[in-house]
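Visitor: no sequence for this one, just the structure:
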């Protein structure tokens, strides 16, 4: 393919992980997702679930609104996880063509010229339906959960990259899986990567 | 094609207009761009250049920063132009398959189910080069001009639609013409619209 590394950033519940995995399978390359979390957990000594959350979502103490309503503090654990995660993402990218899900890989690999950065989003209704039916979430208000998750992921991204998460100009392509459908997103990305 | 109307929203200097025109030609459908401006000018009695600016960029008096740094007032002229522009965009959409450039057509036609919304962006360097070499802009600092234009377009969009301009989740697809190239963007969109 004309790109070696494809990074998939995604809104929670958009189907981005499913698209990334299907794309990797179609391209015949590995897809790194939980593997990154496992490796960071192993290197850092932190629990897997703690790494999963602290390496993508900001959940630190929120400032009271005096300065900026969405500002989160970085904890030192987050700094440690960021350093290890950045190293592992870079090392995996060195091993050859692959798809990487989340973990700010788009930013971590920004100096490479063989990276194709994808953002997958979807409308609130499709995402709410997906997290209940596919992920089995039992929330009374899936919309609230989604908005909260979006805010945390955006805050984390901005905290470490100083860029706005989900803004089209940060990516090579952004696809709305809610309107296009999961299969069509895979096909579009496959065509781009193989043409 | 499976969609009747394709709306192209775009960052200034991204090549979005060129992509829209080439796509319309390839699809064999009309591309509405300056036609919308002409019609609004005719109906409103305002000058063409005034309509061009007031129908997409907010340039009103800016509040001093006490409330919101990017907040612009709407003038009554802008309200009049918005009303006429909305009506003309809807009427053109009724006439059959077409491509529409800018003018918040994505928002104006949001109730229709046969609309495909595209956002075209590009990195600052490509856009700066484009506005100097293709548009013939003679600015000392094209980057400053681009940032100013982005801010005005985003403010206008937010003022009339209450949505954030350039945020991936507002569109069906967002393409970075700086990294993908103009021709490839046209091909990707053509494939989606004809499959």
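Guide: Perfect, I can see it now. From a predicted model like this one, the values you see are computed outputs, not experimental measurements.
Visitor: contact partners for residue A:167?
Guide: When contacts are counted by Cβ atoms under 8 Å, 6 or more residues apart in numbering or on different chains, residue A:167 touches B:166-168. Placement of C-beta: from N, CA and C, glycine included.
Visitor: switch to 6 Å and redo it
Guide: The contact partners of residue A:167, by Cβ atoms under 6 Å, 6 or more residues apart in numbering or on different chains, come to residue B:166.
Visitor: now residue A:119: how far from chain B?
Guide: The spacing between residue A:119 and chain B, counted by Cβ to the nearest Cβ, to the nearest Å, is 5 Å.
Visitor: how many other residues sit next to that residue?
Guide: 26 (other Cβ atoms under 10 Å in any protein chain shown).
Visitor: same question for residue A:48.
Guide: Residue A:48 has 13 neighbours, counted by other Cβ under 10 Å.
Visitor: state the pLDDT value of it.
Guide: At residue A:48 the predicted local confidence, pLDDT, stands at 89.
Visitor: wait, it sits on residue A:41?
Guide: Yes: using Cβ atoms under 6 Å, residue A:48 is in contact with residue A:41, at 4.5 Å.
Visitor: so which bits of chain A are right by chain B?
Guide: Taking Cβ under 6 Å from any Cβ of the partner chain as the contact definition, chain A meets chain B at A:119, A:121, A:166-169, A:172-176, A:179.
Visitor: most surrounded residue in those?
Guide: Neighbours were tallied for each of these (criterion: other Cβ under 10 Å), and the maximum of 32 neighbours falls on residue A:175.
Visitor: element containing that one?
Guide: Residue A:175 is part of strand A:173-176 when elements are defined by DSSP states H and E.
Visitor: helices or strands next to that strand in the packing?
Guide: strand A:115-121, strand B:173-176 (3 or more Cβ pairs under 6 Å, 6 or more residues apart in numbering or on different chains; DSSP states H and E).
Visitor: partners of that strand, with directions?
Guide: Strands adjacent to strand A:173-176 in the sheet, as given by DSSP bridges, are strand A:115-121 (parallel), strand B:173-176 (antiparallel).
Visitor: quick one: average pLDDT of that strand?
Guide: 98.
Visitor: mind jotting down where the strands sit in chain A?
Guide: Using DSSP state E, the strands of chain A run over residues A:5-10, A:31-32, A:98-101, A:115-121, A:173-176.
Visitor: out of the ones you listed, nearest to residue B:4?
Guide: Between residue B:4 and the strands of chain A, the tightest spacing by Cβ to Cβ is seen for strand A:173-176, at 17.8 Å.
Visitor: ok now the closest one, how far from the chain's centre?
Guide: With Cα atoms, centre = their mean, to the nearest Å as the basis, strand A:173-176 stands 13 Å off its chain's centre.
Visitor: and for stretch A:178-189?
Guide: Averaged C-alpha coordinates place stretch A:178-189 at 17 Å from its chain's average position (Cα atoms, centre = their mean).
Visitor: contacts for that stretch?
Guide: Among residues not part of stretch A:178-189, those counted as contacts by Cβ under 6 Å, 6+ apart are A:15, A:18-19, A:22-23, A:122-123, A:126, A:175, A:177, B:172.
Visitor: re the thing from before, and the helices and strands packed on strand A:173-176 as TSV, adding distance to residue A:152?
Guide: TSV is the format used below for these (distance: least, Cβ to Cβ, whole Å):
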stretch	distance to residue A:152
strand A:115-121	16
strand B:173-176	23
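Visitor: out of these, nearest to residue A:162?
Guide: Nearest of the helices and strands packed on strand A:173-176 to residue A:162, taken as Cβ to Cβ: strand A:115-121 at 16.3 Å.
Visitor: quick one: average pLDDT of that closest one?
Guide: Strand A:115-121 comes out with an average pLDDT of 97.
Visitor: give the contact list for the closest residue to residue A:168 other than its chain neighbours.
Guide: Distances taken as Cβ to Cβ, 6 or more residues apart in numbering or on different chains place residue B:174 nearest to residue A:168, at 3.6 Å, with adjacent residues excluded. With contact set as Cβ under 6 Å, 6+ apart, residue B:174 has these partners: A:168, A:174, B:119, B:168.
Visitor: ok, residue A:153 next?
Guide: residue A:57.
Visitor: rerun that using 10 Å as the cut-off
Guide: The contact partners of residue A:153, by Cβ atoms under 10 Å, 6 or more residues apart in numbering or on different chains, come to A:9-12, A:56-58, A:102, A:104, A:165-166.
Visitor: quick one: which of those is nearest chain B?
Guide: Sorting the contacts of residue A:153 by how near they are to chain B, with Cβ to the nearest Cβ, puts residue A:166 at the top with 5.4 Å.
Visitor: correct me, but the closest one touches residue A:119?
Guide: Yes: taking Cβ atoms under 10 Å as the definition, residue A:166 is a contact partner of residue A:119 at 6.5 Å.
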